[in-house]
Structure formats: structure tokens, C-alpha cells
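Trainee: coords please:
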Amino acid sequence: MKSTIKDGDLIWKPSEKTIEDANLTGYMKWLEKNHGHTFDSYRSLWEWSVVSVDDFWRSLMDYFGIAKSTSSLTALQGSHMPEFNWFHGTELNYVENFFVRANDSDRALIVKSEDQPSRVMSWSELQTATYTLAGALRTIGVEKGDRVVAFLPNIPEALIALFAVASIGAIWSSCSPDFGSRSVLDRFQQIEPKVLFAVDGYRYNGKLHDRRQVVEALQMLLPTLERTILVHHTDVEQEVNGASNTIYWSEFMEKGNRNDFWFEQVAFDHPLWVLYSSGTTGLPKPIVQGHGGILLEHLKMTVLHLDLKPGDRFFWYTSTGWMMWNFLVGGLLAGATIVLYDGSPAYPTLNVLWQFADEA
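Mentor: All right, here's what the predicted structure looks like:
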């Protein structure tokens, strides 16, 4: 059947109620009430944001109620790149700003994998696991500025590890377990990690993929590595035969004390994580992003652009080797429940993600 839609035809328009209830509308009303800025359209708001840069970003800091231990009077110092300095003097912690927004009784995660039914993790469970793991990491000497890397699938342990690492002020980086050892080493060798979180295997397309040999290679070829925390994710009982500094996740968690926990306060631009370019020209290029910048950017994106609200569900099919995993985590800042899927999007049928979306 031939389409009757022509180029330039308007095919959808939000209702007046949708516009009125949008988070962006709420922000514009807040700007008018608190700062006397009136905007009659999205474009006028956008123009103000790129002309009055300092005012715009300071307004976001106030609007979102960013938890911080110290603050600066200006958002931006400097006259040109790369000397710009954002929120100089402000100290905060990325992870703290998740938990100050959390309602312990609410669900934080909905999780499913190819071979396991969906399950829910509450904010309270996520917080307890984060605090406990952070305590365990401190017992082995992980501190602010250390690099901690992960070779994990899109499972709750990856998110818990990210939160625990960042709460200490250590620096996170991750690769998906479908990466080969050379691809992982090309990334991790550049940042000299102290600790490795790894998985012994994963399931994809109905098959078990044993990754113990890759983990052993990483242990041998990352000379700065002091400890490996291994997540048992398969039905394989044989242990990794690498360095003796390997401990299983469940045993390592016993070393932590959730009551002996604090959020390390770091500079606004203190490194949060290291992402990588694809590596099509030479080695993958490390991309460092900071606590404050990512916190503000993800709040802006998830709340104002995606219009996520408390109680919404946010899903993106991704792995821990893609920056969209990091962005998916940011959905929690909006009070939404994020949905994690570990496995093939086409197994056992092409409808698996649609069925999961319907379920979740």
C-alpha cells in the first residue's frame, strides 16, 4: 500500500497535556519563578542555554539539587578551550547523587538474561551491595585515583562494582566479555589497573562461552594488577588457573562492612570513568569523563530530554563495552527503573526483547 505521507507533513504532535506535564516545561516554569527568565519556545530556551552558558549550567546545578560538599560561584572559568574549567572549587561524588534521590522501597533494576527469568533489585538492595563492596575494596587498599576495571556482562554486579568504585573516588573502566584478550588489553594496559572484576563465562545465543583463559591472559599481561574479583556466572565448576590473587565475588563481599562507608568527595572534574574509541586507527583512544560533568549531563539528558519520571522504566539494549551502558545507568538519576538484559536480542526468537519489554 502506497504511503500518502508527503515530505514536510506533520505526522505527530504532543498533546497540550503532554506538553504541560513534561519535565522540560517544569524546568522552564522554575526558571521563570526563580530567575525571571521567560521562554515562549524550546528554541528560545536553547538559545539562552548556549549564549548564557554560565547561567544555564548553574541553573541546572540548583534545579537538580546536586549534593555537594563545597560549591563555586561560577560554572565556567577560562576564555577558550582547552583551558576552560567547570565549577572550579566544587567537590561532590557522582554516586552519592543517586542514593540521595532513591526511595529504598522502590525498584532500581529489572534484570533478565537468556537462561534466567526476570527479577527485581530494590534501591535498598543496591545500596547495601554498593556500600558492602566499597568497604571490601578499601580493605585491599583501593583508594582515590586508582583504576579498577571490569570484564563483565550487563548484570547487576557490573553496576554495583561501578557504584562502589566511584564512591571511593577510584576510576572505572569496563569491557564486555565477548571481547578477545587482545582487545581488552589494548584498552586496559593504557590505564594500569589495580583491580579487575571478571566473569568466568557468559551465555549468548543459547551457548556457554568460557572466558577463563581470557581472564588468565589479563592477569598475566596486566602487571599493575593486584587482585581479581571473579563473578561465577556459569555452571562450570573448574576455577581460573591464573594468579593466586583471585577471589570469588561472594567471598570478597564478606570482607566489606556496609556500616563503615562514606562517599569520597572529589573535584568536579575528577575522573569518573574511562571510555574508549573504537580503535579503527591505532589503539583505542581513552576518553576520560568526570564526576560532575557526567552527573549534570546525564540529569539533563534523562530528565529534560528523555522526560523520564519516577516510576518509568528505561531500557537500552547494550553491553558494558559501549557508552550506552553508562548512559543507561544514568536513568536512575531521574528516579526511573532501569532494565538490564544479558544475552542475544534474537534468541530464542526475534521477539525476545519485545516480550521482555511487555513483561517489564
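
Trainee: can you give me the helices in the stretch 1-150 of the chain?
Mentor: 16-21, 23-35, 42-51, 53-63, 96-99, 123-139 (DSSP state H, counting those that start in this stretch).

Trainee: which among those is found nearest to F315?
Mentor: Between F315 and the helices of the stretch 1-150 of the chain, the shortest gap by C-beta to C-beta is with helix 123-139, which sits at 17.2 Å. Yep, even glycine has a C-beta here, placed from its N, CA and C like the rest.

Trainee: buried stuff in that closest one?
Mentor: For helix 123-139, burial by neighbour count (16 or more other C-beta atoms under 10 Å) applies to 123, 125-127, 129-138.

Trainee: and what of stretch 282-294?
Mentor: Across stretch 282-294, burial judged by 16+ other C-beta under 10 Å covers 284, 289-294.

Trainee: again, but for stretch 171-185
Mentor: Residues 171-177, 179, 181, 183-185 are the ones in stretch 171-185 that count as buried (16+ other C-beta under 10 Å).

Trainee: keep only those of these that are in helices.
Mentor: Among the buried residues of stretch 171-185, the residues falling in helices (DSSP state H) are 181, 183-185.

Trainee: so how many other residues sit close to G169?
Mentor: Residues within reach of G169, counting by other C-beta atoms under 10 Å, total 23.

Trainee: now do Y27
Mentor: The number of residues packed near Y27 is 19, by other C-beta under 10 Å.

Trainee: likewise for the one 10 residues further on?
Mentor: The tally of other residues near H37 (other C-beta under 10 Å) stands at 17.

Trainee: quick one, phi/psi of it?
Mentor: When read as degrees, to the nearest 10, the backbone of H37 gives phi -90, psi 120.

Trainee: quick one, phi psi at the closest residue to G180 other than its chain neighbours?
Mentor: Excluding the flanking residues, the one nearest G180 by C-beta to C-beta, 6 or more residues apart in numbering is V214, at 7.0 Å. For V214, the backbone dihedrals (degrees, to the nearest 10) come out as phi -70, psi -40.

Trainee: for L208, same thing?
Mentor: Note on L208: its backbone torsions stand at phi -90, psi 130 [degrees, to the nearest 10].

Trainee: beta partners for it?
Mentor: Bridge pairing for L208 (DSSP bridges) gives the partners R203.

Trainee: what's the pLDDT at it?
Mentor: If you check L208, the pLDDT there is 90.

Trainee: switch to numbering from 102
Mentor: With 102 as the first residue, the last one maps to L309.

Trainee: could you check how far it is from S284?
Mentor: For L309, the distance to S284 equals 20 Å [C-beta to C-beta, to the nearest Å].

Trainee: again with Q456
Mentor: Q456 sits 32 Å away from S284, taking C-beta to C-beta as the criterion.

Trainee: over to G431?
Mentor: G431 is 25 Å from S284, where distance means C-beta to C-beta.
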